[in-house]
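Trainee: Below are the sequence and a predicted model; questions follow.
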Amino acid sequence: MPPERFYVTTPIYYVSGTPHVGSVYTTVMADVFARFHRMLGIPTFFLTGTDEHGEKAQLAAEARGISPAALCDEYSAVFRSLFARYGVSNDDFIRTTEPRHERTVARVLGRMHAQGDLYRASYEGFYCTRCETFFTDQAVRDAGDACPEQPVLHGKIQRLSETNWFFRTSKYAPELARRIEAGEMEIVPARRRQEVLGLLRDVQDLCVSRHRSRVSWGIPLPFDPEYVCYVWIDALFNYRTATGYLDDDAARRADDAAWWAHATHLIGKDILKHHTVLWGTFLLAMGEPLPRREFIHGWLLDERGLKVSKTQLAGAPAARTPGAEELLAVVGRDAARYALVTAMRGAEDAPFSWNLLRERLDAELANGFGNSVNRVVRMIHQSCGGRFPGLDVNSDVNADVNADVNVRAKVDAGARAAAVREAALAVPAAVRRLPDILDVHEVLGAVRAGVQEISLFLDEEKPWKAAKDPANLPRVGATLATALEALRLLSLGLHAVCPEKMAEFRAVLGLGAEPCFEPESRWGLLAAGAPLGQPPGLFPRFDDAKFAAAVPDAAPGAG
RNA sequence: GGGCCCGUAGCUCAGUCGGUCAGAGCAGGGGACUCAUAAUCCCUUGGUCCCUGGUUCGAGUCCAGGCGGGCCUACCA
């Protein structure tokens, strides 16, 4: 039973610097999940956005002599533009500086305060402005020491004593642990669950404010305007603001509750604690259910994370991490999306280099699916007048198998055709399982296996050879029809990852850009006699010239 | 310092309850084919499953310790 709704979120990204390719990874993964669900006809809401408050944005704005709001407008637009060019189909883009969100957070803070979940306390410690965090006396000895996290970038830390507002994390942690153990919130992959339970055994109350003399770019505490809200309550409740939590309009509130019951958060492993311990206790304090599911992925590793490879391929480009913009410029939108989605398996850290993605894109997209489409469509133009030959002919061929002398060969061919059909149907089957297990690799693995099966089939049937004798044309047509119909089914598995290219392919078949999963997931959709478009060059092989132009400091394929 | 995770062929990774588990893809080598994007198909070379002990009839698989890498975290539970 597919869920009746799907609400998927990415973290909101902090407005500083150029977007990291890891942020694009998370966002593209969320987009792929969203597109699969939409294809299955499941109502889907996909949210991403930017996190805009805090000292860093404030200081960056001061340094440039502009207002924090202007700075946020600028950076937020950078993210929005990049995501758009990656084909990200988010339904909403939230900014924490929007009035709708500031209102939600103020209401949350007000209620927490009224319930006694927030209290004042003072503490003293070493503080790094750039990290916006306090460090222990053990990590740092004197004011004036360098920041232990980023000694060069962040420079010196300072001694600070502050009175602040704290949230009673410890009050709700045991209940949160019970609920996670009961499975109210699913943590994927499952091994992360015990990590979360471990974190919950040792929690501290959380500082949720900063004095406005130091940080003014934030949401004021409604009950103590001398302070602004510090990061996590502000950031995490974005997931509820967008759907209408605590809205004045009852219909909006009902809508929010309906979406929230099916929420899936995508996050990187670095913010696991914030999205489980903090977010979970905030929600419990508000009397709200936990998110349905959290999907935690690892990192894309740069060359520092890679073991130095002893066996660099001769002349191949150096293994440096592609940036978000370079990747798009070199391989194009859909291939870039495919490279990201296939980079990380099992949500485990994975190296991400030009060499690796080049090998994968050439093997799986160019030589695999792309080449298969090209050869089949071309042969239909050459041998069948550019019209879909029809699958019924195929069954005739299989039926008269026993009448022929060359029985074994034809039986084998029939079995091969059946194998092609089965392999093709495995793709929509994997797509149907995706909402349950969020396993894109199962789907893409089925696509690769399908391509392989088609290659074997064509190699066995040799339609290019058979077509030389007109008497063989029915069989040639049946072979090509089987292959093309299989490719159509495989494209359903690729659609969420490479939507533009699959739309091009579908146009060749005379189908609309967006697939309708029912009935398209069934075998035998294409009608005999339907005219086909010209073969599309779906996925060209890795382009050295483009690479050299976009990434001048790494020499590709020289030699 | 503490918690957790990872360490399997040159590269990226599968290995479910301990019993063909020593595998796949890519890369490398040889052959075939020629419809196709120097493509595809067949065959093939590679491994101390990080190390050391232990449990067991039997361990990538479980246990202990160590080494290496990672994430989080802490004014020593």
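Mentor: Alright, I've got the coordinates. Numbers count the residues shown, from 1 in each chain, chains lettered A, B, ... in the order given.

Trainee: How about the residues of the stretch 151-300 of chain A by RNA strand B?
Mentor: A:Arg191, A:Gln194, A:Glu195, A:Gly198, A:Leu199, A:Gln204, A:Lys269, A:Asp270, A:Leu272, A:Lys273, A:Trp299 (CB under 7 Å from any atom of the strand). The C-beta positions use only the backbone N, C-alpha and C, and glycine is treated the same way.

Trainee: where does the last one fall, phi/psi-wise?
Mentor: Pointing back at A:Trp299 there. phi -100, psi 150 (degrees, to the nearest 10).

Trainee: Low-confidence stretches in chain A?
Mentor: Applying pLDDT under 70 to chain A flags residues A:1-2, A:124-160, A:302-320, A:346, A:392-413, A:553-559.

Trainee: pull the longest helix from chain A.
Mentor: helix A:407-437 (DSSP state H).

Trainee: OK, contacts around the closest residue to RNA strand B within the stretch 301-450 of chain A?
Mentor: Across the stretch 301-450 of chain A, no residue is closer to RNA strand B than A:Gly370, which sits at 2.0 Å (CB to the nearest atom of the strand). When contacts are counted by CB atoms under 8 Å, 6 or more residues apart in numbering, A:Gly370 touches A:Gly537, A:Leu538, A:Phe539, A:Pro540.

Trainee: do you know how far the nearest residue to the second one once chain neighbours are set aside is from A:Lys56?
Mentor: When you say that, I think you mean A:Leu538. Closest residue to A:Leu538 apart from its sequence neighbours, by CB to CB, 6 or more residues apart in numbering: A:Gly370 at 4.2 Å. For A:Gly370, the distance to A:Lys56 equals 44 Å [CB to CB, to the nearest Å].

Trainee: Equivalent analysis for A:Leu82, please.
Mentor: 20 Å.

Trainee: Equivalent analysis for A:Val24, please.
Mentor: In terms of CB to CB, A:Val24 sits 21 Å off from A:Lys56.

Trainee: the more surrounded of those two?
Mentor: Comparing A:Val24 with A:Lys56 by other CB atoms under 10 Å, the one with more neighbours is A:Val24, at 27 against 18.

Trainee: Without its sequence neighbours, what residue ends up closest to that one?
Mentor: Closest to A:Val24 by CB to CB, 6+ apart is A:Ala324, at 4.6 Å.

Trainee: Okay, strands next: where are they in the stretch 51-200 of chain A?
Mentor: With strands called from DSSP state E, counting those that start in this stretch, the stretch 51-200 of chain A shows them at A:92-95, A:118-128, A:133-135, A:158-167, A:186-188.

Trainee: A:Gly198: neighbour count?
Mentor: Counted with other CB under 10 Å, residues neighbouring A:Gly198 total 10.

Trainee: One more: A:Leu197?
Mentor: Residues within reach of A:Leu197, counting by other CB under 10 Å, total 15.

Trainee: if I pick it, what's in contact with it?
Mentor: Residues near A:Leu197 by CB under 8 Å, 6+ apart: A:Ala177, A:Ile180, A:Glu181.

Trainee: now A:Lys546
Mentor: Here A:Lys546 is in contact with A:Ala329, A:Val330, A:Val331 (CB under 8 Å, 6+ apart).

Trainee: show me the contacts for A:Phe46.
Mentor: A:Val8, A:Thr9, A:Ala30, A:Asp31, A:Ala34, A:Ser89, A:Asn90, A:Asp91, A:Asp92.

Trainee: circling back to that earlier point, format the contacts of A:Lys546 as CSV; extra columns: neighbour count.
Mentor: Shown next, in CSV, are those (neighbours: other CB atoms under 10 Å):
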residue, neighbour count
A:Ala329, 17
A:Val330, 25
A:Val331, 26
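
Trainee: Can you select the buried ones from the contacts of A:Leu197 in ChimeraX?
Mentor: Filtering the contacts of A:Leu197 down to the buried ones (16 or more other CB atoms under 10 Å) takes a single ChimeraX command:
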select /A:177,180
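
Trainee: ok so, going back, give the PyMOL command for selecting the buried subset of the residues of the stretch 151-300 of chain A next to RNA strand B.
Mentor: Those of these that count as buried under 16+ other CB under 10 Å are selected in PyMOL with:
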select buried, chain A and resi 272+299
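
Trainee: Show me the residues of the stretch 151-300 of chain A next to RNA strand B that map onto helices.
Mentor: A:Arg191, A:Gln194, A:Glu195, A:Gly198, A:Leu199, A:Leu272, A:Lys273.

Trainee: for those, which one is nearest A:Val476?
Mentor: Nearest to A:Val476 among these is A:Arg191, at 51.4 Å by CB to CB.

Trainee: From A:Leu328, how far off is A:Arg178?
Mentor: In terms of CB to CB, A:Arg178 sits 45 Å off from A:Leu328.

Trainee: likewise A:Pro19?
Mentor: Between A:Pro19 and A:Leu328 the computed distance is 11 Å (CB to CB).

Trainee: now the contacts of A:Gly370 in TSV, with distance to RNA strand B and neighbour count?
Mentor: Listed next are the contacts of A:Gly370 as TSV, based on distance: CB to the nearest atom of the strand, whole Å; neighbours: other CB atoms under 10 Å:
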residue	distance to RNA strand B	neighbour count
A:Gly537	6	12
A:Leu538	4	24
A:Phe539	5	25
A:Pro540	5	15
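
Trainee: all helices of the stretch 351-500 of chain A, in order?
Mentor: Taking DSSP state H, counting those that start in this stretch as the test, the helices found in the stretch 351-500 of chain A are A:354-360, A:371-383, A:392-399, A:407-437, A:440-461, A:463-466, A:473-494, A:499-508.

Trainee: quick one: buried residues of the fourth one?
Mentor: Neighbour-count burial for helix A:407-437, counted by 16+ other CB under 10 Å, picks out A:410, A:413-414, A:416-417, A:420-421, A:423-428, A:430-431, A:434-435.

Trainee: which among those are in contact with RNA strand B?
Mentor: Of these, not one also sits near RNA strand B (CB under 7 Å from any atom of the strand).

Trainee: Who are the contact partners of the residue nearest to A:Tyr245 when sequence neighbours are not counted?
Mentor: Nearest non-adjacent residue to A:Tyr245, counting by CB to CB, 6+ apart: A:Asp256, 4.7 Å away. Going by CB under 8 Å, 6+ apart, A:Asp256 touches A:Arg240, A:Thr243, A:Gly244, A:Tyr245, A:Asp247.

Trainee: If we use 10 Å, what do you get?
Mentor: A:Tyr7, A:Tyr239, A:Arg240, A:Thr241, A:Ala242, A:Thr243, A:Gly244, A:Tyr245, A:Leu246, A:Asp247, A:Glu288 (CB atoms under 10 Å, 6 or more residues apart in numbering).

Trainee: now it: how far from A:Leu391?
Mentor: 48 Å.

Trainee: cool, and A:Tyr172?
Mentor: Going from A:Tyr172 to A:Leu391 by CB to CB gives 60 Å.
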